[in-house]
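J.: structure, please.
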Amino acid sequence: MTVMQEAVATATTIKFAIPKGRMFEGVRRLLADGGLDISATERGYRPSISLPDFGVKLLKPRAIVEMLAAGSRDVGFAGADWVRETAADVVEIVDTGLDRVRLVAAAPAALLEGGRLPDRPLVVASEYERIAQAWIEQRGLDAILLRSYGATEVLPPEDADCIIDNTATGATLAANGLVIIDELMTSSTRFYASRSAMSDPAKRAQIERVGLIVRSVLEARQRVMIEINVPADRLDAVVGVLPCMREPTVSALRSQSGFAVKAAVRREELAEVVPLVKQLGGTDIVVIRPEQIVP
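T.: Numbers count the residues shown, from 1 in each chain. Take a look at the predicted model:
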């Protein structure tokens, strides 16, 4: 490859950021279910991906958001909490719903007066400086902000009166004697792109291609494919109760004695649908888990 060819290849490579840490495995499985395999070594930060023209780097979620806003990365996965914290101007492509957490204010139960913070000078600790400062001002608190660098829940009561942190179940907060006094936002892992990348037609097409794959996997996780054999005189009754995406697929059986019906049904409806179609005359019912569904 000549120097000129290398320059062109570098210019057209999509700079893809994958979150390291607890979010990595969920993102890896999501992409793998769409046929995009990520190969990473234990200590490496530049995994390979089975997608031409994509260069991947593992980064902390906050760094991903900041780099997307700066345009030094084209696309990546990160939490919505860090987009809000950094006020990053990025384009949300898909909300994966993974790693769903709440950003909450919490304090020791013994500190509260009628479920509220006491009316005195307070120390509020958080990794989310911008969000925490806005919350302090909104609540009209006489408080100073203490920047934390992880393990924020261990700071009260000796080093802080109140914290603002993310939680999935609240169990860690409760284990440290903290109770939730306010909920500021909900967050999840989302697929974001930079404004500059989305303004480039070639990059936008590649990014939207990955977005389509991600959406198809998420849709497939919500549905199962149900296949049923139905006598001709029961077809309308069975089709009438199938909650499919648009219309079920109906084809004649070889013997012409009835029809084979296929429909993509939401998983939570399956327990109700299967007994009902059986009652209405459906037979040979097969349930299949699809890998991807593209509406």
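
J.: where along the stretch 101-250 of the chain do the strands fall?
T.: For the stretch 101-250 of the chain, the strands defined by DSSP state E, counting those that start in this stretch cover 122-126, 143-147, 162-167, 178-194, 223-231, 249-252.

J.: what residue is smack in the middle of this protein?
T.: Centroid-nearest residue in the chain, with C-alpha atoms, centre = their mean: T96, separated by 2.7 Å.

J.: before we move on, which element is that one in?
T.: strand 90-108 (DSSP states H and E).

J.: direction included, what does that strand pair against?
T.: strand 162-167 (antiparallel), strand 178-194 (antiparallel) (DSSP bridges).

J.: about what we covered before: give me the nearest residue to the residue nearest to the centre of the chain, chain neighbours excluded.
T.: Setting aside the residues directly before and after it, T96 is nearest to T189 in space (C-beta to C-beta, 6 or more residues apart in numbering), at 5.0 Å. For the C-beta atoms, the positions are set from N, CA and C on the backbone; glycine is no exception.

J.: who's D182 bridged to?
T.: A105.

J.: ok, the closest residue to V224 other than its chain neighbours to M245 distance?
T.: Using C-beta to C-beta, 6+ apart and skipping the chain neighbours, the partner closest in space to V224 is V287 (5.2 Å). According to C-beta to C-beta, to the nearest Å, V287 stands 16 Å off from M245.

J.: please apply the same query to G55.
T.: Taken as C-beta to C-beta, the span from G55 to M245 is 36 Å.

J.: max-length helix in the chain?
T.: In the chain, taking DSSP state H as the definition, the longest helix is helix 201-222.

J.: show me which residues of it are buried.
T.: Buried residues in helix 201-222, counted by 16 or more other C-beta atoms under 10 Å: 203, 206-207, 210-211, 213-221.

J.: so it versus strand 178-194, what angle?
T.: Per axes from the mean of the first three to the mean of the last three C-alpha atoms, to 10 degrees, the angle that helix 201-222 makes with strand 178-194 is 140 degrees.

J.: and for this structure, the residue most distant from the center?
T.: Largest separation from the mean C-alpha position in the chain: S255, at 46.6 Å (C-alpha atoms, centre = their mean).

J.: can you count the residues close to I288?
T.: 10 (other C-beta atoms under 10 Å).

J.: that one contacts V224, correct?
T.: Yes. With contact defined as C-beta atoms under 8 Å, I288 reaches V224; the gap is 6.6 Å.

J.: tell me the spacing between the residue lying closest to T283 once chain neighbours are set aside and P275.
T.: Sequence neighbours aside, N229 is the residue nearest to T283 in space, at 4.9 Å (criterion: C-beta to C-beta, 6+ apart). Distance, N229 to P275, by C-beta to C-beta: 16 Å.

J.: of these two, give the one with the bigger neighbour count.
T.: When neighbours are counted by other C-beta under 10 Å, N229 and P275 differ, and N229 comes out ahead with 17 against 11.

J.: what comes up buried for stretch 137-155?
T.: L141, A143, L145, L146, S148, T152, E153, L155.

J.: what does that stretch contact?
T.: 106, 117, 119-127, 129, 132-133, 136, 159-165, 172-173, 176, 178, 182 (C-beta atoms under 8 Å, 6 or more residues apart in numbering).

J.: using CSV, write out the CA atom coordinates for that stretch.
T.: Output in CSV follows, covering the C-alpha atoms of stretch 137-155 (Å, rounded to 0.1, in the frame of the first residue of the first chain):
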residue,chain,number,x,y,z
GLU,A,137,-29.1,25.0,42.9
GLN,A,138,-32.5,23.7,42.0
ARG,A,139,-33.1,22.5,45.5
GLY,A,140,-31.8,25.8,47.0
LEU,A,141,-29.4,24.0,49.2
ASP,A,142,-26.6,25.6,51.2
ALA,A,143,-24.0,23.1,50.0
ILE,A,144,-20.6,22.6,48.6
LEU,A,145,-19.8,20.0,46.1
LEU,A,146,-17.1,17.3,46.7
ARG,A,147,-15.8,15.6,43.6
SER,A,148,-15.6,11.9,44.1
TYR,A,149,-13.6,9.4,42.0
GLY,A,150,-15.6,6.2,42.5
ALA,A,151,-17.0,4.4,45.5
THR,A,152,-19.1,7.5,46.3
GLU,A,153,-21.4,5.6,48.5
VAL,A,154,-18.8,5.1,51.2
LEU,A,155,-18.3,8.8,51.8
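
J.: re earlier: mean pLDDT and distance to I49 added to the strands of the stretch 101-250 of the chain, as JSON lines?
T.: Shown next, in JSON lines, are those (pLDDT from 0 to 100; distance: least, C-beta to C-beta, whole Å):
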{"stretch": "strand 122-126", "mean pLDDT": "97", "distance to I49": "34"}
{"stretch": "strand 143-147", "mean pLDDT": "96", "distance to I49": "35"}
{"stretch": "strand 162-167", "mean pLDDT": "96", "distance to I49": "28"}
{"stretch": "strand 178-194", "mean pLDDT": "96", "distance to I49": "14"}
{"stretch": "strand 223-231", "mean pLDDT": "92", "distance to I49": "26"}
{"stretch": "strand 249-252", "mean pLDDT": "92", "distance to I49": "34"}
